[in-house]
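> mind folding the following:
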Amino acid sequence: MDSLQNHLLIAMPSLKDTFFERSVIYLCEHNEQGAMGLMINRPIGVDVNELLRQMELDDFHTIESINSKVLVGGPVGQEKGFVLHTPQPQWSNSQQISEDLMLTTSRDVLTSLGGKEAPEQFIVALGYAGWGRHQLEQELADNTWLSIPANIDLMFNTDHESRWQKATESLGFDIWQLSSQAGHA
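Take a look at the predicted model:
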């Protein structure tokens with residue numbers, strides 16, 4: 001099995017009227033046990049500043065950036081927060097995913113956002129997308145998803161509403177021309 005960790009999953013147009021319609025998911029983990037990722041293009045209507053106020057974190061700085069919106073990371077554990085960010089080793093509960101990205105689940109990174117100690121780039125998400133053993137591989141075989149290597153510019157510098165379109169354009173063909181039917185010989 002080739003791991004798709006540090007790749008983006010792009011929802012096929014056939015996922016209409018589902019939770020994952022037009023979603024782009026960054027895969028934080030993919031191994032023999034399953035996969036875990038964060039949707040990176042679906043704001044929940046709360047900005048990070050409001051979330052920090054609700055958490056009663058008094059020591060935060062106002063954030064004004066393209067990523068100042070809290071995202072729906074996925075349908076699982078929506079009460080749990082994740083910060084996907086450029087590398088900084090000082091946070092309590094961080095996992096290095098790639099040379100360019102870390103995932104942190106501790107509150108200490110949240111108080112830094114907007115200040116000098118903050119990661120250069122970040123995404124704040126509630127919940128995650130998860131797949132059991134071989135589930136993602138089956139969904140890929142069923143033409144539910146396409147995958148591309150992670151693109152930092154797309155993830156951090158493209159507005160949320162354009163991320164699916166930009167991800168599909170990076171494939172080099174018109175995704176609307178693809179069939180949702182898998183071919184089997």
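> break down the protein into its helices, ranges please.
Along the chain, counting by DSSP state H, helices occupy 48-54, 107-112, 135-141, 152-157, 163-169.
> identify each buried residue in the first one, please.
Residues of helix 48-54 classed as buried by neighbour count (16 or more other Cβ atoms under 10 Å): 48-49, 51-52. All C-beta atoms are positioned from the backbone trio N, CA, C, and that covers glycine.
> next one: stretch 101-119
Neighbour-count burial for stretch 101-119 [16+ other Cβ under 10 Å]: 101-104, 109-114, 118-119.
> which one of the helices of the chain lies nearest to Ala125?
Minimum separation from Ala125 across these (Cβ to Cβ) falls at helix 48-54, 10.5 Å.
> report the rounded mean pLDDT for that closest one.
Across helix 48-54, the average pLDDT comes to 81.
> other SSEs contacting that helix?
In terms of contacts (3 or more Cβ pairs under 8 Å, 6 or more residues apart in numbering; DSSP states H and E), helix 48-54 is packed against strand 69-72, helix 107-112.
> find the least confident helix or strand in the protein, judged by mean pLDDT.
For the chain, using mean pLDDT, DSSP states H and E, the weakest element among its helices and strands is helix 48-54, scoring a mean of 81.
> on that earlier part again, any chance of a markdown table for the helices and strands packed on helix 48-54, columns distance to Glu29 and mean pLDDT?
Shown next, in a markdown table, are those (distance: least, Cβ to Cβ, whole Å; pLDDT from 0 to 100):
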| stretch | distance to Glu29 | mean pLDDT |
| --- | --- | --- |
| strand 69-72 | 18 | 94 |
| helix 107-112 | 19 | 83 |
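> of all the buried residues of stretch 101-119, which comes closest to Lys69?
When the buried residues of stretch 101-119 are compared for distance to Lys69 (Cβ to Cβ), Leu113 wins out at 12.5 Å.
> my read is that Ser106 contacts Gln90, right?
No: counting by Cβ atoms under 8 Å, Ser106 does not reach Gln90; the two are 10.4 Å apart.
> what's around Gly34, how many residues?
15 (other Cβ atoms under 10 Å).
> that one: what's it in contact with?
Applying Cβ atoms under 8 Å, 6 or more residues apart in numbering, one finds that Gly34 lies in contact with 130-133, 135-136.
> ok, so of the residues you listed, who is nearest Gln33?
Arg133 (5.9 Å).
> could I get the average pLDDT for stretch 82-93?
Averaged over stretch 82-93, pLDDT sits at 87.
> okay, now the unreliable bits of this structure?
1, 57-67, 114, 176-185 (pLDDT under 70).
> rerun that using 50 as the cut-off
For the chain, the stretches with pLDDT under 50 are 182-185.
> now do the strands in it.
With strands called from DSSP state E, the chain shows them at 7-11, 24-31, 34-39, 43-47, 69-72, 76-85, 94-96, 102-104, 122-131, 145-149.
> within its sheet, name the partner strands of the fourth one and how each one runs.
Under the criterion DSSP bridges, strand 43-47 sits next to strand 69-72 (antiparallel) in its sheet.
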